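What shape does this take:
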Amino acid sequence: LLFALNLLDHTYLLDYFYVLSLLKVSATCLKYTKQFLYNRERQSTKGWNIWYNFLECAGGSLSMIQVVLDSADMGDWRGVTGNFAKFALGFITIFFDT
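Numbering: from 1, shown residues only. A predicted model of the protein is given here:
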């Protein structure tokens, strides 16, 4: 409705989504860091299902592969940096799960 009335510019909406994506990356990094510190403090991963890590690594790997293959197919590597949140979430997931 705001777009139809020209009360909100499209560029502001894109900036809003970039901020949201950076917040998601920050929250994910904080979540994994807290879990890592908690497991290190207890010296245990009791109650942690290993399949969760396998699925997280697979999802993160496939997400990063998709970004790279899309960029390679288009011949424009700005897709990796243009979709920073997707690439960063995949990298953070792989980093903390391995």
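
roughly how far is the helix or strand containing residue 94 from the heart of the chain?
Per DSSP states H and E, residue 94 falls inside helix 84-97. Helix 84-97 sits 5 Å away from the centroid of its parent chain (C-alpha atoms, centre = their mean, to the nearest Å).

Could you pull out the buried residues of that helix?
85-90, 92-94, 96-97 (16 or more other C-beta atoms under 10 Å). All C-beta spots, glycine's among them, are computed from the backbone N, C-alpha and C.

Strands of this protein, start to end?
For the chain, no strands are identified by DSSP state E.

before we move on, back to that, flag whichever of the buried residues of helix 84-97 scores worst on pLDDT.
On pLDDT alone, residue 97 ranks lowest of those, at 80.

ok so, going back, outside of the helix holding residue 94, which residues touch it?
The contact list for helix 84-97 (C-beta atoms under 8 Å, 6 or more residues apart in numbering) reads 21-22, 24-25, 28-29, 32-33, 35-36, 53, 56-57, 59-61, 63-64, 67, 80-81.

Now list the buried members of those.
Going by neighbour count (16+ other C-beta under 10 Å), the contacts of helix 84-97 have 21, 25, 28, 32, 56-57, 60, 63-64, 67, 80 buried.

which residues of the protein fall in helices?
Secondary structure of the chain (DSSP state H): helices at 10-42, 50-74, 78-82, 84-97.

looking at these, which one has the lowest mean pLDDT?
Note on the helices of the chain: lowest mean pLDDT is at helix 78-82, with a mean of 81.

quick one: the spatially most central residue of the chain and residue 63, what's the gap?
Nearest to the geometric centre of the chain sits residue 89, at 2.1 Å (C-alpha atoms, centre = their mean). To residue 63, residue 89 is 7 Å away according to C-beta to C-beta, to the nearest Å.

ok, now residue 90?
From residue 90 across to residue 63, the span is 4 Å (C-beta to C-beta).

do the same with residue 70
From residue 70 to residue 63 the distance is 11 Å (C-beta to C-beta).
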